[in-house]
Structure formats: C-alpha cells, structure tokens
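# Give me the fold of what follows.
(4 chains)
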Number of protein chains: 2
Amino acid sequence: MFSCAQSPRMADNRDSEARGSPHSHDLLAETDRTEHRRDDLRKRRSDGPPLRGTFCDAVRPRPHCADGARVSADRALARPGAARLRDVAVAAGVSVKTVSNVVNGTARVADETRRRVQQAIDALGYHPNMMARRLRTGRSGVLALAFPEMPNPYFAELAVEVIAAARRHGCTVLMDDTAGDAAAELRIASGLGDPMIDGVILSPLSLDQNELASRDRSVPLVLLGEADYGLVCDHVHIDNVAAARDVTRHLIDGGYRRIGAIGWQDPSPRATAQQRLLGYTEALRDAGLLVDQALFPPVRSYRRPDGAEAMRRLLKLPQLPDAVFCFNDMMALGAMRAIYDAGLRVPDDIALVGFDDVEEAEYAIPSLTTIAPDKTKIAEEAVGALLRRINDGYEEAGRLIQPGYRLVVRESSRRR
Amino acid sequence: MFSCAQSPRMADNRDSEARGSPHSHDLLAETDRTEHRRDDLRKRRSDGPPLRGTFCDAVRPRPHCADGARVSADRALARPGAARLRDVAVAAGVSVKTVSNVVNGTARVADETRRRVQQAIDALGYHPNMMARRLRTGRSGVLALAFPEMPNPYFAELAVEVIAAARRHGCTVLMDDTAGDAAAELRIASGLGDPMIDGVILSPLSLDQNELASRDRSVPLVLLGEADYGLVCDHVHIDNVAAARDVTRHLIDGGYRRIGAIGWQDPSPRATAQQRLLGYTEALRDAGLLVDQALFPPVRSYRRPDGAEAMRRLLKLPQLPDAVFCFNDMMALGAMRAIYDAGLRVPDDIALVGFDDVEEAEYAIPSLTTIAPDKTKIAEEAVGALLRRINDGYEEAGRLIQPGYRLVVRESSRRR
DNA sequence: ACCGGGTATTCTAACGTTGTAATCCGAGTA
DNA sequence: TACTCGGATTACAACGTTAGAATACCCGGT
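Down below sits the predicted model:
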C-alpha cells in the first residue's frame, strides 16, 4: 500500500507543466483542451441561466488533467456549474489563496488586488462551497437543537428565537424532536445524530444524570431548562423556584386561599416539577397556608390532556380549590377545558395560572395569567454559551445562566 | 502561477516512498516518527475516553509526510481523534477503498475481508466524516424547510411531520423562518441561505410568480400549501376549494343561514384566500344563499389578532352573522375571543369553524370544528417529491400532489 | 507452464477549501 | 552593488471521502 507505481508519471506531468510558459497562457491552453467536456457538464446539470458574462467560459479546466486523455468522467462533482475559488483566481489573475484571503479577510491584500478579485467574484457569482470549507476547517456552522416536544408552542416559540440567535452568530440550526425519549436525547447529546454539527442545544426530559455523564463529550452541549444534572455542562434556565413562588403569591394576593397545583410527578418527578412545586409550597407557607397533598395530583406529562385529567381529579375533591397553578400553559389550557366541561367558570369558580406565556395564553378564553420567561434572552444565552464552548474549547466547569422572567397578569386570575 | 518550482522535490519524496519496503512496515515506521505529535493532538482536543484498544495508537500517520520534518502543525484538522477510513484500513490490513466499500456496500467484498473490516470498524469506533463524504459526493443529506411563521402551531406540527419523514429517508432538516418576507423566501427558494442543502421545502406567503421564476433553479424545490405559481415545481397541498366547500356546507346543514367568512385579503389576495373563498361561495350558491361582501371582511395576515379584528367588524354589522368560517384555526381562535369579549357565546350566538386542525382547536373552549389536512401525508409527499427531484434530476413539469383532509366536527358548530 | 476470465482489491485523483511556509519584489541600507 | 527587510502573494499539502481504472489473484482449462 502507498507504493507509487505511477508516481513517476505524475512527476513527469507536473514537470512538463512546470517547464511550460508562464501560467496564464498555459492554463488557457489547458482550458481549450477540456472545453468540450465542460459543456457537457453544464448541459447535464444546470438548468438555470449560464453564469453572467463569458468569464467563466474560460476558467474551468480540471486540475492535474493537462493530459486530456486522463480526464475522468467522475459524475460526483459537487455543485456543478458553480464558480470555485480557482475560477475566480484565474479570472482575476491571482492565486487561489489570495481569493480566499479576500473572501475571508484572512490576510492583508493590496487594494488594487482586492478590487480585481472582488470584481471577479461578482462577475462569476462566486459563493463559497460550505462543504469544502467545513471539511477543511472542521467546523460546520451548524448547531443542533433538540426539544422533547416540538409542537408544544413553548418549544416552537423558543426554537424560533434560537434560530434567530444562531443566525445573528452566523450559524444555522438543525432541529430534532426527541419525543422525550432518553435514548434519543443521549444520541443527540453525544452529537451522534449527525457528526456534522458543531454543538448541541438540548432540552432534556428523560435523560438522567448518569446517562448524561456517559455521553461522548467531544461535542459541546448546552442544556435548556432546569435540570438536576449538576453542572457537567452549561445550563440556561430561569429561576423556577422564584417564578413559581411569584405566581403563587399573586394568587394569594388576589384573595385565593385554597390553591391547587398541577404538574407534580409522582415516581421520579423531573426537575421542573420539583422546583415549581417548591416555589409553590414556599409561597403557601410564607402566607401561612396549608400545603395539602391532595391539591397537587401527579401528572404523567405536561400536555393538555394531562392538565385536563388532573383538573378532573381536583374537581372530585370534597372541597374544591379556588385557584390552580399549572406548571405550564398547556396543562392550564387543558385544565381550563376540564373546568368548563364541569360547568364551572374561570376565574369565577376557579382561578387558573400557567407558566411559559405561549402566545395562546393571551388569546385563551379567558386569557391566561402566566409566567413569561425571557425567551429571546434564553436563546441568545444558549447560543452564546455554546459558541464560547465551541470556540474556546472545553473548560471543566459548566456555567448556570439564569435569564429573567415576568409575571403577566390576565383574566384567568382576576382578583376576587 | 501554478509554476511548480517545488514539484521535483515532491516527486523525490514520492519516489523514495515508493522505493521503500512493503507498506505495512513502512507505515509503522512512519507512525513512530509522528507519534509524539499525535499525542499532543489527542490531549489538546479530546476530553472523552481514548478510543478502545491500542489499535488506534498504531494507525495515525499523516499521509505524504514520510519526511517527518515536513509534518505540518496544521491546527485545522477536522474531528480530531476520530478514526478515519485510513485508520480502519490499516487496522484491517486492507485498502481505504475496501473499507469504503464495506461501509457503503458499494462493491462486492469477500466475506472474510468484510468481517475483518467490520471488526476494525467496531474496534476503532469508526464513524464516517459526513463533511468529507458530502464534499466528495456533492450531497449533504440536508433539506431546508422554511415556513413563514414557525410559532404558528399548524406549521410547527407540520414541521414535526416533515422532520420525521426526512428521518425516514435518512435526511436531516434545517429549519428557517421567512417571516413571510418575499426576499427571504426567494433566498430560501434559491438555496442560497446555505449552499450545503440538497433541496428546499418552502411554504411561500409573499413570493409572487415572477420572483419564483427568477430563482436559481439549481436547488430542487417543493412548495407546500396552495399557490398560484403554475407548476414550475412540485406542489403539495390539499384541495382547498373542496375543503372550504365541505366545511361551509356543514354549517348550512347545521341550520345556519347567514354565514360569514374571515380570511379574505383585499388587495392581492393570496391563493389560500382565493381558493377558500371560492369554496365558501360555491357552497352558499349551491344552497341558494346570498353571497354578501360585507360578510367577508379582508384581513392582513392569518394570525389571532387578525381574526379578532375581523370578527369585531362583523359584530358591528346591522345584521349579525349566525356562523363564521375562518380560513385558519388561529383566526378562528382570535374570532372566538372577540365574540366572547362582545358578551356573546359560541356556538349559541355565532357558530365558528376553522381550518388546519391545530391541536389547540381540540382544547379550545368551545372546541373548534375544523378541516384537518392529513399532515403526515403532506410531509411524506413533500419529502418524497423532493428526494425524487434530487435523485432523478429535474424533469420540466411540476407535479401537483393533493393529500386528503377530514372535516372534524366539534362544539363550535353545534347544530342549532 | 500458460492463458482466459471473472472476482476481489488497490491506486490515484478529485471534491473546494485553508494554514503554513516559501517566494517574490521593491525600497531602504550598508 | 549587494543585502536585508517586510509586505504581498504564491505553492503546496492536507481535511476524509468516493469513483473509476488498474491490478492482483485464483481457478479451471488448455
């Protein structure tokens, strides 16, 4: 292997090339010889109009093929018809690297040269081939974003913010839906889903601490949402305990006294459940109110039906709650539905508050009081933290970043 | 340019390499010489556990660097520490291409060879470098998906289906939000946002026919949603006229007689507006009912506030409608809100129907009657059509694909 | 011993880019 | 005149993969 039976020939080729006349003449001659094949390629692949001008007609010889007979019929050429650095270089009469320098601002380039190169770039409509750049640099500029439940408006809204933040940083986002499956989450966290990605933003649901620790750590990871993983990587989430306390206190201030909660999980509650329940109980205790286990029935997940189901259980209690804090808006909307089905009214019979401030909360009937995390900030911080890890390498300690939130008071918790 | 002052030396290098002893011995010697540098690389980049076994410790010489002194300190190596085809090849004692053949099933490989290669792959934890593969093949396996309004649950739900469909076909999806901006849509349609993508699925909003025709057609494109672009590319959408007719007829059958519509657009109505209005008027005419312009006030966009606003206008009419067909669920939910604000009730005072069947429609109070397009089918067909274009090249005619839909009757249109 | 014919494998170049080291060139200096 | 210096530019190799052609191999038949 690596024996070079043919290398003498190759050296010969190169030699003859080297002995030839100055470059431009040489190249044009070469072009002449391969022109026929080039036309074929153009015809076969590009339906669009030909690149402007005739520039490009003079600049697409294949390298190392001075022989002519050795032109391979390689059908696998990438992005056929697109101008390459080489084409721009020939058109501008400079080297490939100089064009690269102009494109990337990598090195000082004389004004006159830059002008010529820029002109050639414009004329040829040159656009860098990302695949090649990425192969060479080892960076793809692609961040993976994985949520457990994409159709949940909270995640959808957050995704939009992340996409926008990534764009501001020159990255694109590859989305994935883990469906809350631990295996899928681990796959994503390890960056194995697609090894092209530079980093991962994950909102874990089922992943446990050990699994997370076992991930392949070569891909930087940022976690979104409260989590109890210790700080093995950067986390971005608002202060859930404080937010839950605030919204519960708001109910208390509104005159409600028998306040239920929907979102607790019984075997193995997630961090979200724990923290929001903690805030809830703290607020009750601060107000000298009783914390009654019957008032926070467990749910399985955090979707509308879970909220409706839990609400139905609360409605069966001998003594009804006069207000309910749902740990997210989806459950609140499900609960609202259940209250309505029972012939009761919000907030007259039972007040409701949620968490997340999805757009829907504003338009629900009645509109829903909720906690509004600063989604823009969350996304920006997550992308920023991830890019820091990608660019500056991995330092051991994970950071915790807590963007702010607001309590948005609407009809569903009208003061009684 | 391209003068090869150094090529004689290069030929010399290759020559001496060729003259060397049989490959494996040669390579091991080479490895020895570069081992120190390799350790540095490993330390610098990979925090994870070292690859299993000691195999990999013997297989990472740098090609064309038999010189030793010529080892470049290139810091830009991609995916540091990861096993390459070359490493597997050396470990298995076969050529790179044979490994490639095993990985891709490209050619017949003897069972014994395949076994050895597979073993080496497992031992080294080899994973193909997508970037390189993609550079070489010109395919990225990435589809772009662009919606005008990602947080709209209809699009979010559809996006999930598209992601799933793409995964079934071995592709990943890169999402983008055009915000309904024509320029952004054109950029996407031309595949210029990121030239790494193989194809585009776009749900256009503002793009007009001329703009679309002017796109760079080198990137296959599939349009989602009704559109009046002629068939310059594949379209996937349900039969909007029929669906609108069905849902309107449902209202008529329910005993409603003065039926409004929300979703018309006045200057330059979009195809959606035209087709749904057409179905609506057809149904009315079929039933011998009057079509009254005052009953379909124009809207600007299709979001909740637009529905609420249009509803408020309908509520100011001297004679109120007894039912309203909203051209999407979001507007229906906004309209519901407006009806509630006016002190009226759905469906007692005014019945409402929507279009899209977003999850929210089921949980609204009252739950919303709506048209449920087969989102799974839409996504599957869109991805399928796109992949056909990508794989089989571009044939001129665009196809129209019409997945099915269902009328889902719920509380908001209860029979009177 | 030699050949023909198929199968299994290898060699080489190429995809388009960028980092490094080398080279070129003109001005300033000895 | 020779020589350095430094800025501008270039040559080369390399990133990891795959296509295609070339070669090695093996077996049965001459």
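
# Helix or strand: which one has A:Ala123?
helix A:111-124 (DSSP states H and E).

# Is DNA strand C within reach of that helix?
No: Helix A:111-124 lies out of reach of DNA strand C by Cβ under 7 Å from any atom of the strand, never closer than 10.4 Å. For the C-beta atoms, the positions are set from N, CA and C on the backbone; glycine is no exception.

# Just the C-alphas of that helix, formatted as CSV.
C-alpha atoms of helix A:111-124 as CSV (Å, rounded to 0.1, in the frame of the first residue of the first chain):
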residue,chain,number,x,y,z
ASP,A,111,-6.3,47.4,-2.5
GLU,A,112,-5.8,47.0,-6.2
THR,A,113,-5.7,43.2,-5.9
ARG,A,114,-8.8,43.2,-3.7
ARG,A,115,-10.7,45.3,-6.2
ARG,A,116,-9.8,42.9,-9.1
VAL,A,117,-10.7,39.9,-7.0
GLN,A,118,-14.0,41.4,-5.9
GLN,A,119,-14.9,42.2,-9.4
ALA,A,120,-14.2,38.6,-10.5
ILE,A,121,-16.3,37.3,-7.6
ASP,A,122,-19.2,39.4,-8.6
ALA,A,123,-18.9,38.6,-12.2
LEU,A,124,-18.8,34.9,-11.6
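
# does DNA strand D sit close to it?
Yes: contact of helix A:111-124 with DNA strand D (Cβ under 7 Å from any atom of the strand) involves A:Glu112, A:Thr113.

# Now look at that helix and say if it contacts chain B.
No: Helix A:111-124 does not reach chain B (Cβ under 8 Å from any Cβ of the partner chain); its nearest approach is 13.2 Å.

# Surely A:Met330 and A:Pro305 touch.
No: between A:Met330 and A:Pro305 there is no contact under Cβ atoms under 8 Å: 9.3 Å.

# which of those two has more neighbours?
More crowded of A:Met330 and A:Pro305, by other Cβ atoms under 10 Å in any protein chain shown: A:Met330, with 29 against 17.

# what's the more buried one sitting at in phi/psi?
Here is the backbone geometry of A:Met330 (degrees, to the nearest 10): phi -60, psi -50.

# check contacts around it.
Residues near A:Met330 by Cβ atoms under 8 Å, 6 or more residues apart in numbering or on different chains: A:Asn152, A:Pro153, A:Tyr154, A:Tyr302, A:Arg303, A:Arg304, A:Gly307, A:Asp356, A:Val358.

# Mind checking which of those residues land in helices?
Among these, the members found in helices (DSSP state H) are A:Pro153, A:Tyr154, A:Arg304, A:Gly307.

# follow-up on the earlier one: out of the contacts of A:Met330, grab the one that's most surrounded.
A:Gly307 (31 neighbours).

# measure that one to A:Ile262 for me?
6 Å (Cβ to Cβ, to the nearest Å).

# go on, A:Ala159?
25 Å.

# More neighbours: those two, which one.
More crowded of A:Ala159 and A:Ile262, by other Cβ under 10 Å: A:Ile262, with 31 against 25.

# Give the helix, strand or coil label for the residue most central in space within chain A.
Geometric centre of chain A, nearest residue: A:Leu145, 3.3 Å, by Cα atoms, centre = their mean. For A:Leu145, the secondary structure call by DSSP: H, G, I helix; E, B strand; the rest coil comes out as strand.

# Report the closest residue of the stretch 201-350 of chain A relative to DNA strand D.
DNA strand D sits closest to A:Ser218 of the stretch 201-350 of chain A, with a gap of 12.6 Å, by Cβ to the nearest atom of the strand.

# can you map out the helices along the stretch 151-300 of chain A?
A:153-168, A:182-189, A:209-213, A:240-253, A:271-286 (DSSP state H, counting those that start in this stretch).

# Just the buried residues of the second one, please?
When you say that, I think you mean helix A:182-189. A:Ala184, A:Glu185, A:Leu186, A:Arg187, A:Ile188, A:Ala189 (16 or more other Cβ atoms under 10 Å in any protein chain shown).

# Same check on the third one?
Along helix A:209-213, the positions that meet the burial threshold by neighbour count (16+ other Cβ under 10 Å) are A:Glu211, A:Leu212.

# what touches both of A:Gly307 and A:Ile262?
A:Val299, A:Cys326, A:Met331, A:Ala332, A:Ala335.

# Wait, the last one touches A:Val324, no?
Just to be clear, that refers to A:Ala335. Yes: here A:Ala335 lies in contact with A:Val324, judged by Cβ under 8 Å, at a distance of 6.2 Å.

# So which of these two has more stuff around it?
Higher neighbour count among A:Ala335 and A:Val324: A:Val324, with 33 against 30, using other Cβ under 10 Å.

# related to what we said a few turns ago, would you list the shared contacts of A:Gly307 and A:Ile262 in CSV and tack on secondary structure and distance to chain B?
Shown next, in CSV, are the shared contacts of A:Gly307 and A:Ile262 (DSSP: H, G, I helix; E, B strand; the rest coil; distance: Cβ to the nearest Cβ, whole Å):
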residue, secondary structure, distance to chain B
A:Val299, coil, 15
A:Cys326, strand, 13
A:Met331, helix, 11
A:Ala332, helix, 10
A:Ala335, helix, 10
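
# so which pair among these is furthest apart in space?
A:Val299 and A:Ala332 (12.0 Å; Cβ to Cβ).

# which neighbours do the two share?
A:Ile262, A:Gly307.

# okay, those two: which has more neighbours?
Per other Cβ under 10 Å, whichever of A:Val299 and A:Ala332 has more neighbours is A:Ala332, with 32 against 24.

# Give the buried residues for stretch A:174-182.
Quick answer for stretch A:174-182 (16+ other Cβ under 10 Å): A:Leu174, A:Met175, A:Asp176, A:Asp177, A:Thr178, A:Gly180.

# Can you get me the start-to-end distance on it?
19 Å (Cα to Cα, to the nearest Å).

# and that stretch, does that touch chain B?
Yes: for stretch A:174-182, a contact with chain B is found by Cβ under 8 Å from any Cβ, at A:Leu174, A:Met175, A:Asp176, A:Asp177.

# quick one: average confidence on that stretch?
For stretch A:174-182, the mean pLDDT works out to 79.

# now do stretch A:143-159
On average, the pLDDT along stretch A:143-159 is 88.

# Just the C-alpha atoms of that stretch, please, in CSV.
Below are the C-alpha coordinates for stretch A:143-159, written out as CSV (Å, rounded to 0.1, in the frame of the first residue of the first chain):
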residue,chain,number,x,y,z
LEU,A,143,-26.0,23.8,15.7
ALA,A,144,-28.4,21.0,16.6
LEU,A,145,-31.5,22.0,18.6
ALA,A,146,-33.5,19.2,20.2
PHE,A,147,-36.7,19.6,22.1
PRO,A,148,-38.8,16.8,23.6
GLU,A,149,-42.0,18.1,22.0
MET,A,150,-41.7,20.4,19.1
PRO,A,151,-45.4,21.1,18.6
ASN,A,152,-45.6,22.4,22.1
PRO,A,153,-45.9,26.2,21.4
TYR,A,154,-43.4,27.0,24.1
PHE,A,155,-40.7,25.0,22.3
ALA,A,156,-41.8,26.2,18.9
GLU,A,157,-41.5,29.8,20.1
LEU,A,158,-38.2,29.1,21.7
ALA,A,159,-37.0,27.4,18.6
